[in-house]
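Visitor: fold the following and give me the result.
(chains A and B)
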Amino acid sequence: MKNTKKILIVEDEKPIVEALTIKLTKEGYEPHFATTGEAGLALTKDLHPDLILLDFILPDMDGLSFLKTLRLDKWGKSAQVLILTNLSDGKIADEVAEYGVFDYLIKADWRLDDVVKKVKEKVGRGNK
Amino acid sequence: MLINLMLAYSFKNILDRQLSMLVGGAFLMQGLFLLLTATYFSHTIKAAKKVTEELELAKIKIETEKAKDEALLNSIGDGVVATDNTGAIIFINKVAEEMLSWTGAVIGEKLGEISLLTNANGEHISIEKHPLHLSLETKKQVVTKDYRFVREGKVDLAVYISATPVILKDEVVGAIEVFRDITKEKEIDQAKSEFVSLASHQLRTPLSTVNWYTEMLLAGDAGKMNAEQKKYLREIYDSNNRMIDLVNTLLNVSRIEMGTFKVKPEPIKISEVIESLLSELSVQTSQHKLKVEKKFGKDVPTINADPSLIRIIIQNLLSNAVKYTPDGGKISAEVMRRPHDVMIEIKDSGYGIPKNQQDKIFNKMFRAENVKDKITDGNGLGLYSTKAIVEQSGGKIWFESEENKGTSFFVTIPLTDPKKKIGKKNLSAF
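Guide: A predicted model of the protein is given here:
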């Protein structure tokens, strides 16, 4: 299990977390989740995930604050982040781009399968 | 001797009489002369007096008008500044002085030099781009809604500015600038915009959950589905996607109406956009046995346009073509170069738009009578949004249609660089 890619899901909607967990596990990844920004940042330090799927609206902070804090950390500086949100705000998309996010996807417009394809694109295949 | 005396005496008398007649005449003449002169002078004096009186009256009238104008200008809630044709201030009303926190005498100063402006991004506006100086130069009215005054070193007042040149016999003799504090309006717009964003986010969250779980069920992730179960699930999935489309459309409509969407031009090839959209629609076109034709002119250049906006426009027209054409029909997409623009034609052989409904087709929420019952999943917002986007991009949109024969929609995109629009939001795909 050493080479299993770890995916951290930072999202407060439980059903979304579960759907992603089911699919990612099926594809051979090791999904973890946090439902608040604080917990997410802590888990990042513990796990050093290969990819962070970040929702933008979290109960304790917004995605931008999460990113800012993440990038201050030595390891967090180069963490791979994919924004998965239902907020479509061009200004935010621009601001977020400054923090090295590799993509910004709107959940409602993307099939679950295609989200997983994006994950594969970024971190490579999971161990099936 | 007596006779001599008598003769002399009578001679004297005659002489005397003559003399006195002469003297009398002279006196008479003098008198007449004096009388005439006096009369003349008194007339002149009277006339002069009349003129003076009239001048006085006119002066009072002008001063009254001036006082009225000043009272009017000072009681207007907006700031008013008038300048000569070099931009030097010749009049400023109280509201302007207060709004700009000017305490010293400003008459004679150049407006652009003492009223400092920044744009929405905090960048300073140079004097030449100052609305008043711009209106003097272009001889046209200049209106801005996104500038802010810098007062006492701080950028702190959002204003609406309207500068109009004063033109007399084709010459610009000065200009008048009117400005108004729009902080409240900007706050309301900001609140509206945030509400719309939040509302669509809240609406999308359960919709994306339904979508993903339906997708998993259909894929058999929770066990094999029989044909009927799959059929029902597909209905749920389709309806759900309709709702998602509707949320996206409403979001776009609201951003179009509030003017808060961005236009970010990039070099793009329209033919590539059409190809990509046609492949997305290939499942539907084969399902409905529609013949698809495409014709891309060889001389159509790469143009500068916002790719996501072009995509929204063509996607709406193509999906309409597919939607409103009965099975076995034909749709086509053509791109051609014209002298000043690129023209896109999306044609179908479908239900068409009845002549008496054609003038309403771009109206918000409008759906033509002949398709309202046949195709129930239209929301009447697609063409409304598309037209707004086309026009914001500097293009034109129109159509030709005959009921039950088909429809052709035409869109032109100008070849010159469209102006970059500094908005705050992106528009969503429909």
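Visitor: confirm residue B:173 sits in a strand?
Guide: Yes - Residue B:173 forms part of a strand when assessed by DSSP: H, G, I helix; E, B strand; the rest coil.
Visitor: what count of nearby residues applies to it?
Guide: 12 (other Cβ atoms under 10 Å in any protein chain shown). For glycine as for every other residue, the C-beta is placed from the backbone atoms N, C-alpha and C.
Visitor: try residue B:256
Guide: Neighbours of residue B:256 (other Cβ under 10 Å): 18.
Visitor: now do the strands in the chain.
Guide: By default, I'm working from chain A. A:6-10, A:30-34, A:51-54, A:81-85, A:103-106 (DSSP state E).
Visitor: wait, chain B
Guide: B:79-84, B:89-92, B:116-118, B:142-151, B:154-168, B:171-181, B:266-268, B:291-296, B:303-305, B:330-337, B:341-348, B:396-402, B:406-414.
Visitor: dump those strands into TSV; add distance to chain A as well.
Guide: Shown next, in TSV, are the strands of chain B (distance: least, Cβ to the nearest Cβ, whole Å):
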stretch	distance to chain A
strand B:79-84	30
strand B:89-92	37
strand B:116-118	18
strand B:142-151	15
strand B:154-168	17
strand B:171-181	24
strand B:266-268	14
strand B:291-296	24
strand B:303-305	17
strand B:330-337	23
strand B:341-348	23
strand B:396-402	24
strand B:406-414	21
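Visitor: okay, those in JSON lines with mean pLDDT next?
Guide: What follows is the strands of chain B, written out as JSON lines (pLDDT from 0 to 100):
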{"stretch": "strand B:79-84", "mean pLDDT": "90"}
{"stretch": "strand B:89-92", "mean pLDDT": "88"}
{"stretch": "strand B:116-118", "mean pLDDT": "85"}
{"stretch": "strand B:142-151", "mean pLDDT": "86"}
{"stretch": "strand B:154-168", "mean pLDDT": "86"}
{"stretch": "strand B:171-181", "mean pLDDT": "90"}
{"stretch": "strand B:266-268", "mean pLDDT": "88"}
{"stretch": "strand B:291-296", "mean pLDDT": "93"}
{"stretch": "strand B:303-305", "mean pLDDT": "88"}
{"stretch": "strand B:330-337", "mean pLDDT": "94"}
{"stretch": "strand B:341-348", "mean pLDDT": "94"}
{"stretch": "strand B:396-402", "mean pLDDT": "95"}
{"stretch": "strand B:406-414", "mean pLDDT": "94"}
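Visitor: make TSV from those and add distance to residue B:210 to it.
Guide: TSV is the format used below for the strands of chain B (distance: least, Cβ to Cβ, whole Å):
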stretch	distance to residue B:210
strand B:79-84	54
strand B:89-92	61
strand B:116-118	46
strand B:142-151	40
strand B:154-168	42
strand B:171-181	46
strand B:266-268	34
strand B:291-296	31
strand B:303-305	35
strand B:330-337	31
strand B:341-348	32
strand B:396-402	34
strand B:406-414	33
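Visitor: which among these is found nearest to residue B:125?
Guide: For those, the distance to residue B:125 is smallest for strand B:116-118, at 4.2 Å, taking Cβ to Cβ.
Visitor: what's that closest one packed up against?
Guide: strand B:142-151 (3 or more Cβ pairs under 8 Å, 6 or more residues apart in numbering or on different chains; DSSP states H and E).
Visitor: which one of the strands of chain A has the lowest average pLDDT?
Guide: In terms of mean pLDDT, the lowest-scoring of the strands of chain A is strand A:103-106 (a mean of 88).
Visitor: quick one: strands adjacent to that one?
Guide: Its sheet considered, strand A:103-106 pairs with strand A:81-85 (parallel) by DSSP bridges.
Visitor: give me the below-cutoff pLDDT ranges for the chain.
Guide: You didn't say which chain, so I picked chain A. A:1-2, A:90-91, A:128 (pLDDT under 70).
Visitor: nope, chain B please
Guide: B:1-3, B:8-10, B:103-104, B:153, B:155, B:417-430.
Visitor: center of the chain - which residue?
Guide: If you meant another chain, say so; for now it's chain A. Centroid-nearest residue in chain A: residue A:53, 1.0 Å away (criterion: Cα atoms, centre = their mean).
Visitor: the chain in question should be chain B.
Guide: residue B:143 (7.8 Å).
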